[in-house]
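Asker: Fold the following, please.
(one chain, ligands or ions: 1)
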Amino acid sequence: MSITTAPAPALREARVPEGGMYEGVRVLRPFPEGWEERPYEHIEVVPQTRVIGAEIRLRGGADLSRPLTPALREEINRALLEWKVLFFRGAHLTPDEQAAFGRNWGELETNPILARGAREDIVRFEKGGSARPTYENVWHTDVTFRERPALGSILQLREVPPLGGDTMWADMAAAYDNLPGEVKARIDGATAVHDFIPGFARFTEREELLGLQEQFPPVEHPVVRTHPESGRKMLFVNTSFTTHIVGMGREESDRLLSLLTRQAHVPEYQVRFSWRPGDIAFWDNRATQHYALFDYAPHRRVAERVAIVGDRPF
Ligand SMILES: [Fe+2]
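Answerer: Down below sits the predicted model:
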């Protein structure tokens, strides 16, 4: 009688489509290496996640509608560098006060494309109203098509829909930190082209685009920028405005950009904020991407933004 042995079971191939799985331990540190953490005296900082987002409560009866003392300005700036987006509940600033708050960080931008609010330097996002509809439900960094993209943006919600209308931000330092070494090596020293056309073409007339394209030629920025104040490396490409990586064929550039821009989608790098009227978010546009959820139609949502002129990324 012969004994037959069953063939060893074959394990099915653990094939994952390219870019299809990314799990496990992530490096989650809010501060750059060597950063000196100091206590705050003028504000209370309430972090909302491990790496990004903090609610700021002013101490001693301070109020954002009044001029900031140098000490208060310094602490808000330090919190911005550490937490990348700050939330101030119930600030209820007038347009002039919102602009004055922004000017503590520098000159304010005017935006040639988006609808204006009460002042030239205020952009108004109004859904369900008469303003031109634009859509911000895509991961992006503001105005990277400029030679000097905004340092930061300060957004206030004036009307909030009954449900929905949250905004999310993603930490581009965490996104960079967690890239595989071989990807970091590929993008080290690389530059990418940014252009306003892809981000705005969907809701802007051709004639207007033609008029603006000379004012805003495509610009090159490093794929990884160094934060001018914290010295930290930040991934600096986004879906709205980054068209291609310089010196790569279209297919290679598309694949790499797809991988890089997808990093904003990782939940551990994100914070989500539910607005109430008069709330303000102040984000470091050098260190983050954001996504404004559009889940509230046909209700109204009205927001006003000032943006501070930044420096040339390096
Ligand atoms: Fe934006």
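Asker: What is the burial count for Thr69?
Answerer: Using other CB atoms under 10 Å, Thr69 has 11 other residues around it. Backbone N, C-alpha and C define where each C-beta goes, glycine included.
Asker: Same question for Ile113.
Answerer: Around Ile113 there are 17 residues (other CB under 10 Å).
Asker: Over to Pro313?
Answerer: If we define neighbours as other CB under 10 Å, then Pro313 has 23 of them.
Asker: Quick check: phi and psi on it?
Answerer: Torsion angles at Pro313 (phi, psi; degrees, to the nearest 10) stand at phi -60, psi 140.
Asker: Which residue, neighbours along the chain excluded, lies closest to it?
Answerer: Sequence neighbours aside, Arg225 is the residue nearest to Pro313 in space, at 4.2 Å (criterion: CB to CB, 6 or more residues apart in numbering).
Asker: residues contacting that neighbour?
Answerer: Neighbouring residues of Arg225 by CB atoms under 8 Å, 6 or more residues apart in numbering: Lys233, Met234, Phe236, Arg286, Pro313, Phe314.
Asker: Assumed it was part of a helix.
Answerer: No: counting by DSSP: H, G, I helix; E, B strand; the rest coil, Arg225 is not found in a helix; it is strand.
Asker: That one bridge partners, please.
Answerer: Met234 (DSSP bridges).
Asker: And the contacts of Arg225, which is closest to Val138?
Answerer: The closest of the contacts of Arg225 to Val138 turns out to be Phe236 (CB to CB; 16.4 Å).
Asker: what's the spacing between that closest one and Trp105?
Answerer: Phe236 sits 19 Å away from Trp105, going by CB to CB, to the nearest Å.
Asker: now do Thr261
Answerer: According to CB to CB, Thr261 and Trp105 sit 27 Å apart.
Asker: between Phe236 and Trp105, who's got more neighbours?
Answerer: The neighbour comparison of Phe236 against Trp105 (other CB under 10 Å) goes to Phe236, with 28 against 22.
Asker: With Asp171 as the reference, measure out to the closest residue to that one other than its chain neighbours.
Answerer: Excluding its sequence neighbours, the residue lying closest to Phe236 (CB to CB, 6+ apart) is Arg225, at 4.2 Å. Here Arg225 is placed at a distance of 14 Å from Asp171 (CB to CB).
Asker: now do Ala303
Answerer: 22 Å.
Asker: More neighbours: these two, which one.
Answerer: Asp171 (31 against 23).
Asker: is it true that that one touches Arg286?
Answerer: No: using CB atoms under 8 Å, Asp171 is not in contact with Arg286; the gap is 11.7 Å.
Asker: Alpha carbons of the strand or helix carrying Ala192, as PDB, please.
Answerer: Ala192 belongs to strand 191-194 when assigned by DSSP states H and E. What follows is strand 191-194, C-alpha atoms only, in PDB (Å, rounded to 0.1, in the frame of the first residue of the first chain):
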ATOM      1  CA  THR A 191      11.800  71.200  -8.200                       C
ATOM      2  CA  ALA A 192       8.200  71.200  -9.500                       C
ATOM      3  CA  VAL A 193       6.200  73.600 -11.700                       C
ATOM      4  CA  HIS A 194       3.100  75.200 -10.200                       C
END
